[in-house]
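Q: next come a sequence and a model predicted from it.
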Amino acid sequence: MCGINGVFFKKNKSEKEISGTLSKMNGKIIHRGPDEDGFYAKAKQEFSIGMAMRRLSIIDLSTGKQPMFSEDGKIAIVFNGEIYNYRQLKNDLLKKNVEFLTTSDTEVILRLYEQHGTSSFKMLDGMFAFSIFDENKNKLLITRDFFGEKPLYYANFENKIFWASELKSIMAVADKKPEISKEGLNLYLQLTYIPAPFSIYEGIHKLPPNHYLELDCSNSSTKIVEIENELQTNIDPDISFEEAKRQTHDLVTESVKSRSVADVPLGTFLSGGVDSSIVSLALAQQEENKIDTFSVGFEKKSFDETDKSRVVADIIGSSHHEFIISVDDLKDNINNILLNFDEPFADSSSLPT
């Protein structure tokens with residue numbers, strides 16, 4: 001899962017103080033990245049900046065450590081997510097004689113940025129939240145993926161700016177607890193969740209999907225910029241039903257394939273519904289070995305759907321695992337579940353998940 005954190009001080013701070021702040025922030029998201037952590041701290045005369053991350057290793061287990069740096073050490077990145085088309089992007093860069101030190105998708109983002117600047121962001125197909133500090137330009141860039149799959153919060157306080165994968169990281173280092181946002185609360189009561197750019201707290205925001213925040217470190221000014229994606233809309237309105245089915249099959253198959261690049265074993269969450277059953281089938285057809293499928297069921301039979309997921313698992317020949325949730329399980333874990341939401345959230349299906 002991974003997670004990133006960062007801090008920008010609008011004045012000079014020691015690298016020890018920067019690292020201390022980042023350690024507090026990272027300490028709140030160990031559950032996102034139990035494998036390792038990484039820190040970057042830079043104290044300059046007019047400002048200070050630091051970035052950190054917690055890593056769950058999925059791709060490039062041995063050399064994918066972060067932060068990663070440009071060859072001259074002037075550009076640094078921390079990254080949470082997965083870039084589905086990174087191999088294609090890497091091949092394009094290799095043809096331009098760009099050299100790589102790792103096999104990770106993180107380095108692909110870094111090398112792309114070196115070649116194309118912020119216009120490289122639209123080339124990325126994936127789920128991601130990352131921050132890049134470009135010392136050559138004294139600019140920080142914080143970026144979120146097209147659909148907003150990866151969370152990213154930021155707060156511009158009086159003398160500092162924080163950004164983080166989880167709200168609790170910012171709360172751990174804020175000088176005082178912010179006021180409840182009436183607008184955020186109002187939206188929650190209407191929608192059962194709080195959409196970007198709002199959060200439950202005044203002064204803390206979610207970066208909107210498909211946008212990046214640009215911070216000019218020289219004068220502490222910020223702006224939010226939309227990433228201009230070139231979406232393909234060449235769909236034939238007169239397509240036949242049979243051709244539509246074929247194209248849908250091919251698109252779903254390719255989508256699952258692109259998301260199954262990993263250096264660790266793969267599995268699916270199988271509810272027994274149409275969507276998860278199709279994804280599980282598509283993955284099983286692509287893998288040489290049995291895939292693992294996982295289902296959550298309930299002791300109360302009227303809520304339980306494990307019989308449906310069991311049928312699908314049998315059809316696709318997966319190694320199937322079931323977890324049965326009881327009322328006592330929820331009672332014992334409800335406080336931890338709520339604390340992991342960070343802010344009000346009312347989708348009851350998140351409880352068993």
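A: Sure thing, it's come through.

Q: which sections of the stretch 201-350 of the chain are below the confidence cut-off?
A: 231-233 (pLDDT under 70).

Q: for it, which segments count as helices?
A: 241-258, 274-286, 306-316, 327-341 (DSSP state H, counting those that start in this stretch).

Q: dump these into a markdown table; add mean neighbour count as well.
A: Any C-beta I mention is one placed from the backbone N, CA and C, and that applies to glycine too. Listed next are these as a markdown table, based on neighbours: other CB atoms under 10 Å:
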| stretch | mean neighbour count |
| --- | --- |
| helix 241-258 | 12 |
| helix 274-286 | 17 |
| helix 306-316 | 17 |
| helix 327-341 | 11 |
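
Q: figure out which of these is closest to residue 14.
A: Set against residue 14 and scored by CB to CB, the helices of the stretch 201-350 of the chain come closest in helix 327-341, at 32.2 Å.

Q: before we move on, the earlier item: residue 202: which of the helices of the stretch 201-350 of the chain is closest?
A: Among the helices of the stretch 201-350 of the chain, helix 327-341 sits nearest to residue 202 (CB to CB), with 18.6 Å.

Q: now do the contacts for the residue nearest the centre of the chain.
A: For the chain, the residue nearest the mean C-alpha position is residue 150 (2.9 Å; CA atoms, centre = their mean). Counting by CB atoms under 8 Å, 6 or more residues apart in numbering, residue 150 touches 80, 81, 127, 128, 129, 144, 165.

Q: which SSE is it in?
A: In this assignment (DSSP states H and E), residue 150 forms part of neither any helix nor any strand.

Q: now do the spatially closest residue to it that is not a sequence neighbour against residue 146, distance only.
A: Nearest residue to residue 150, sequence neighbours excluded (CB to CB, 6 or more residues apart in numbering): residue 129, at 4.0 Å. For residue 129, the distance to residue 146 (CB to CB, to the nearest Å) stands at 12 Å.

Q: of the two, who's got more company?
A: Using other CB atoms under 10 Å, the more surrounded residue of residue 129 and residue 146 is residue 129, with 25 against 18.

Q: pull the contacting residues for the more buried one.
A: 4, 79-81, 142-145, 150-152, 165, 207.

Q: what pairs with the one helix or strand it maps to, parallel or antiparallel?
A: Residue 129 belongs to strand 126-134 when elements are defined using DSSP H and E. Strand 126-134 has its sheet partners listed here by DSSP bridges as strand 75-83 (antiparallel), strand 139-144 (antiparallel).

Q: what are the ranges of the helices in the stretch 51-200 of the chain?
A: 86-94, 105-116, 167-173, 182-191.

Q: for those, which one sits closest to residue 156?
A: Between these, helix 167-173 lies closest to residue 156; by CB to CB that is 11.0 Å.

Q: elements contacting that closest one?
A: On a contact count with 3 or more CB pairs under 8 Å, 6 or more residues apart in numbering; DSSP states H and E, helix 167-173 meets strand 3-9, helix 15-27, strand 153-156, strand 160-164.

Q: one more pass at 6 Å, please.
A: helix 15-27, strand 153-156 (3 or more CB pairs under 6 Å, 6 or more residues apart in numbering; DSSP states H and E).

Q: mind giving me the packing neighbours of the shortest one?
A: Just to be clear, that refers to strand 153-156. strand 160-164, helix 167-173, strand 204-206.

Q: which of the ones you listed sits most buried?
A: Highest mean neighbour count among the helices and strands packed on strand 153-156 (mean count of other CB atoms under 10 Å): strand 160-164, with a mean of 24.

Q: quick one: mean pLDDT for that one?
A: In this model, strand 160-164 carries a mean pLDDT of 97.

Q: so what are the sheet partners of it and their directions?
A: By DSSP bridges, strand 160-164 pairs with strand 3-9 (antiparallel), strand 153-156 (antiparallel).

Q: tell me what angle that strand forms with helix 15-27.
A: 30 degrees (axes from the mean of the first three to the mean of the last three CA atoms, to 10 degrees).

Q: which residues touch strand 160-164?
A: 5, 6, 7, 8, 9, 142, 153, 154, 155, 170 (CB atoms under 6 Å, 6 or more residues apart in numbering).

Q: please apply the same query to stretch 184-195.
A: Counting by CB under 6 Å, 6+ apart, 198, 199, 200, 343, 344, 345, 346 sit against stretch 184-195.

Q: rewinding a little: and of the strands paired with strand 160-164, who's closest to residue 72?
A: strand 3-9 (21.0 Å).

Q: mean confidence for the closest one?
A: The predicted confidence, averaged over strand 3-9, sits at 96.

Q: same question for stretch 179-193.
A: Rounded mean pLDDT across stretch 179-193 is 97.

Q: could I have that stretch exported to PDB, CA atoms only?
A: Written as PDB, here are the backbone C-alpha positions of stretch 179-193 (Å, rounded to 0.1, in the frame of the first residue of the first chain):
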ATOM      1  CA  GLU A 179     -11.600  23.500  13.900                       C
ATOM      2  CA  ILE A 180     -14.200  21.100  12.400                       C
ATOM      3  CA  SER A 181     -15.100  22.200   8.900                       C
ATOM      4  CA  LYS A 182     -18.800  23.100   8.700                       C
ATOM      5  CA  GLU A 183     -18.700  22.700   4.900                       C
ATOM      6  CA  GLY A 184     -17.000  19.300   5.200                       C
ATOM      7  CA  LEU A 185     -19.400  18.100   7.800                       C
ATOM      8  CA  ASN A 186     -22.400  19.300   5.700                       C
ATOM      9  CA  LEU A 187     -21.100  17.400   2.700                       C
ATOM     10  CA  TYR A 188     -20.600  14.300   4.800                       C
ATOM     11  CA  LEU A 189     -24.300  14.400   6.100                       C
ATOM     12  CA  GLN A 190     -25.400  14.700   2.400                       C
ATOM     13  CA  LEU A 191     -23.100  12.200   0.800                       C
ATOM     14  CA  THR A 192     -21.900   9.800   3.600                       C
ATOM     15  CA  TYR A 193     -18.300  10.800   2.800                       C
END
